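[1] Fold the following, please.
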Amino acid sequence: MEASSVSDGRAQPGVTLLVVRPHPDDESSATGGLLAYYHARDVRTGVVICTGGEEGDSGMPGTPANQHRDAFVQADPSEAAGRLVRIMRVLRPRVIVTELPGGGYAHPDHIRCHQVSLEAFHAAGDARAYPEAGPAWPAAKLYAIAQIDDGQWETLRPAFQAAGFDVGGRQRSRKRARGAGPETATVALDVRPYSEIQRQALLSHRTQMPPESFWRRLPAELYRRAFATAYLIRLHPPAAPGEYEKDLFDGLHSSTQWCSRNG
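    The predicted structure follows:
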């Protein structure tokens, strides 16, 4: 987690939305559409990447990569949180987006990213915590990227097959119950207008996206339809069951840090 670029808060314009992800390609894979969505609305956005991605997307449980002394999973959690606290206090975001509890899947870097983000979110607003990291700054909200089964993949299966893509392995098994649906998300953003921006950003990570990659070969229209919505769950303040917000900044629009063409 690199903090040298924010060494002098006076030189930083600050951000309104800060996204914290474990690997370089994660910025675009799950949050690229969201970042483009808010950029189009004149919202200042920032991204913290917790690792340099030297191991690609390896490092799953039990792999040798996790034993490297520089692996994120080997980092001191308090030190990592302190670095993130410093970034938060310099950039002063109103909203932070990170991983789900448990990381969304079993990758140790995703799990650690959630843990560090949660600690830093609460500590950044506490003047007693990490006093060396600068004046306290309490972000208003913390969200996690939600893995929602909105049925899009099953609906689009005939179109995928017609285009020559075998997506059988990506479909929910008929014997397995459907996963969490859209009704469990606090926020659902229509990111279809930004799908090509998101995909081009993802494809720029060439070591992750070789020429034969599914993501590289998928026709633009199918990509747009398959990844039409960004779903998020509010972790803090905790969302009530069934609570829905139309935007990450609901209730914060009066803030002078919220910049939008629509006011």
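[2] Quote the end-to-end distance of stretch 198-211.
    The separation between the terminal residues of stretch 198-211, taken as C-alpha to C-alpha, to the nearest Å, is 17 Å.
[3] And the contacts of it?
    Contacts of stretch 198-211 with the rest of the structure, by C-beta atoms under 8 Å, 6 or more residues apart in numbering, involve 24-25, 27-29, 32-33, 36, 53, 56-57, 191, 213, 215-216, 220, 223, 227. Using the backbone N, CA and C atoms, a C-beta is placed for each residue, glycine as well.
[4] Inside helices: which ones of these?
    Members of the contacts of stretch 198-211 lying in helices (criterion: DSSP state H): 27-29, 32-33, 36, 215-216, 220, 223.
[5] Mind picking the one among those that's closest to Asn66?
    Proximity of these to Asn66 (C-beta to C-beta) peaks at Ser29, which lies at 21.0 Å.
[6] What about the closest residue to the closest one other than its chain neighbours, how many residues nearby?
    Closest residue to Ser29 apart from its sequence neighbours, by C-beta to C-beta, 6 or more residues apart in numbering: Leu202 at 5.6 Å. Around Leu202 sit 21 other residues, with neighbours defined as other C-beta atoms under 10 Å.
[7] and Leu91, what pLDDT?
    Listed pLDDT for Leu91 reads 97.
[8] which ones are touching the nearest residue to it once chain neighbours are set aside?
    Nearest-residue entry for Leu91: Val15, 4.8 Å, with adjacent residues in sequence omitted and distances by C-beta to C-beta, 6+ apart. When the contact criterion is C-beta under 8 Å, 6+ apart, the partners of Val15 are 44-46, 91-93.
[9] do Pro22 as well
    49-51, 72, 99, 103, 107, 109-110, 112-113.
[10] Mind checking which of the residues you listed land in helices?
    Among the contacts of Pro22, the subset assigned to helices under DSSP H consists of 109-110, 112-113.
[11] Need the max-distance pair from the residues you listed.
    Across the ones in helices among the contacts of Pro22, the longest distance by C-beta to C-beta is 7.4 Å; it joins His110 and Arg112.
[12] the helices in this structure, which residues?
    26-29, 32-39, 77-91, 108-124, 152-155, 157-162, 195-203, 214-217, 220-226.
[13] Next, format the ones you listed as CSV and append distance to Asn66.
    Below are those laid out as CSV (distance: least, C-beta to C-beta, whole Å):
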stretch, distance to Asn66
helix 26-29, 17
helix 32-39, 27
helix 77-91, 15
helix 108-124, 6
helix 152-155, 31
helix 157-162, 34
helix 195-203, 25
helix 214-217, 26
helix 220-226, 31
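[14] quick revisit: most neighbours out of the ones in helices among the contacts of Pro22, which is it?
    With neighbours set by other C-beta under 10 Å, the maximum within those is found at Cys113, which has 29 neighbours.
[15] Would you confirm that it contacts Ala30?
    No: judged on C-beta atoms under 8 Å, Cys113 makes no contact with Ala30 at a distance of 11.8 Å.
[16] list the residues that contact both of those two?
    Arg21.
[17] can you list the residues that contact stretch 69-83?
    With C-beta under 8 Å, 6+ apart as the criterion, stretch 69-83 contacts 1, 3, 22, 50-51, 54-55, 59, 65-68, 108-109, 112-113, 115-116, 119-120, 123, 130, 132-133.
[18] Selection in PyMOL covering whichever of those are buried, please.
    Restricted to the buried members of the contacts of stretch 69-83, where burial is judged by 16 or more other C-beta atoms under 10 Å, the PyMOL selection command reads as follows:
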select buried, resi 1+22+50+51+55+59+65+66+108+109+112+113+115+116+119+120+123+130+133
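[19] any residues in contact with both of His110 and Arg112?
    Between them, His110 and Arg112 share the neighbouring residues 22, 103, with contact defined by C-beta under 8 Å, 6+ apart.
[20] now the strands: where do they sit in this structure?
    Counting by DSSP state E, the chain has these strands, from start to end: 17-21, 45-49, 95-98, 141-145, 187-190, 229-236.
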